[in-house]
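Asker: what would the 3D arrangement of this be:
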Amino acid sequence: MSLAGTWQNEYGSIMTLAVEGATAAGNYASTTGSVGRYEVLGTQIGADPDEHRGQAIALAIAWHSIGDDRPDASWRWSSGLSGQISIQQGDEVLVVAHSMIASCAFPDLAAPGSYIDKLQYRRVPGNTVATPVQAPDRSAPPIADSLAGTWATEDGIAMTLEIRPHARGGFGYLTGRIDFGYGSAQVAGFTDIQAAASGLALQSVSMAASDIARGLAISLSGTLDMRTGELDLLMMCSGATAPNHVYAQTRTRSARFTRRPASLTA
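Answerer: Alright, predicted model coming up:
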């Protein structure tokens, strides 16, 4: 099996995904904080999990509801998830590190910042998804956005990003490439394209990529500080492990990107 299907976590939230090749896409229904329906993009890498080895995954979520729900501050937020599916006592279990990016305050809930959690999902029996992945439409023209362009870290990671608006205009799809110095990969995710117009200092962003050379599924999530022009991301890199070694599945590092002249082809 793979990420395709319906998953439920310990909070009762439901995630339904379709998978095509290494690409996953779907929606998320949350039972915590705001109530709504949200889009998910991500990747899986490697063979399907078995009793000896898991399957690494990374996901991005835009917390701007695609339903007719009442908006609130969390609609500016995003999340990154990275972990693996493993077989635990005969059952498929998806365990991920979760970084929730609160780019603005939500009174009585959260101050601006990155909030780290560990989530565990189990497959909902009988729920499979056979529909094709509905990935962002790259034929639509990209828009001018503070995040668009080429970025690099001091230690040689570079990425070029394009932004296209969601059909309802509340958030943006992010697509492009990331170059690790020894190989490159596509990235896909979300960003808050209304941050600057809303007077926010921080623009939330979350994306996922597969590092095929090292067998890692990578989540990159954080904020673009529009006062300094710096893009600060938490990279969560997950690899497949044996079921009894899942505590070593995900390692993290912080990465500060600054704008560079265009050098990659998005």
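
Asker: what's the next secondary structure element after the helix or strand containing Tyr121?
Answerer: With elements delineated by DSSP states H and E, Tyr121 resides in strand 113-123, which encompasses its position. Tracing the chain C-terminally past strand 113-123 and defining elements by DSSP H and E, one meets strand 149-152 next.

Asker: next SSE after that following strand?
Answerer: According to DSSP H and E, the helix or strand after strand 149-152 is strand 158-165.

Asker: and the next helix or strand past that following strand?
Answerer: The C-terminal neighbour of strand 158-165 among helices and strands, as given by DSSP H and E, is strand 172-179.

Asker: then that next one to PDB, C-alphas only?
Answerer: Included here for strand 172-179 are C-alpha records, laid out as PDB according to Å, rounded to 0.1, in the frame of the first residue of the first chain:
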ATOM      1  CA  GLY A 172      -1.000  30.200  -3.600                       C
ATOM      2  CA  TYR A 173       0.400  27.000  -5.000                       C
ATOM      3  CA  LEU A 174       4.200  26.900  -4.900                       C
ATOM      4  CA  THR A 175       6.200  24.900  -7.500                       C
ATOM      5  CA  GLY A 176       9.800  24.800  -8.500                       C
ATOM      6  CA  ARG A 177      13.100  23.000  -8.000                       C
ATOM      7  CA  ILE A 178      15.600  22.600  -5.200                       C
ATOM      8  CA  ASP A 179      19.300  21.900  -5.700                       C
END
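
Asker: what's the next helix or strand after that strand packed up against?
Answerer: As assigned by DSSP H and E, the chain's next helix or strand after strand 172-179 is strand 184-191. Packed against strand 184-191 by the contact rule (3 or more CB pairs under 8 Å, 6 or more residues apart in numbering; DSSP states H and E) you find strand 37-45, strand 55-62, strand 78-88, strand 158-165, strand 172-179, strand 202-211, strand 216-225. C-betas here are computed from N, CA, C, even on glycine.

Asker: so the closest residue to Gly80 other than its chain neighbours bridges to which residues?
Answerer: Counting by CB to CB, 6 or more residues apart in numbering, Gly80 lies nearest to Ser221, which is 3.0 Å off, once chain neighbours are set aside. Ser221 has these beta-bridge partners by DSSP bridges: Ser206, Leu234.

Asker: distance of the spatially most central residue of the chain from Ala140?
Answerer: The residue lying closest to the centre of the chain (CA atoms, centre = their mean) is Ala60, at 1.7 Å. Distance check for Ala60 against Ala140: by CB to CB, to the nearest Å, it reads 19 Å.

Asker: what of Glu154?
Answerer: Counting by CB to CB - Glu154 and Ala140 are separated by 34 Å.

Asker: so where is the stretch 101-250 of the chain shaky, pLDDT-wise?
Answerer: Within the stretch 101-250 of the chain, the stretches falling below the threshold (pLDDT under 70) are 127-139.
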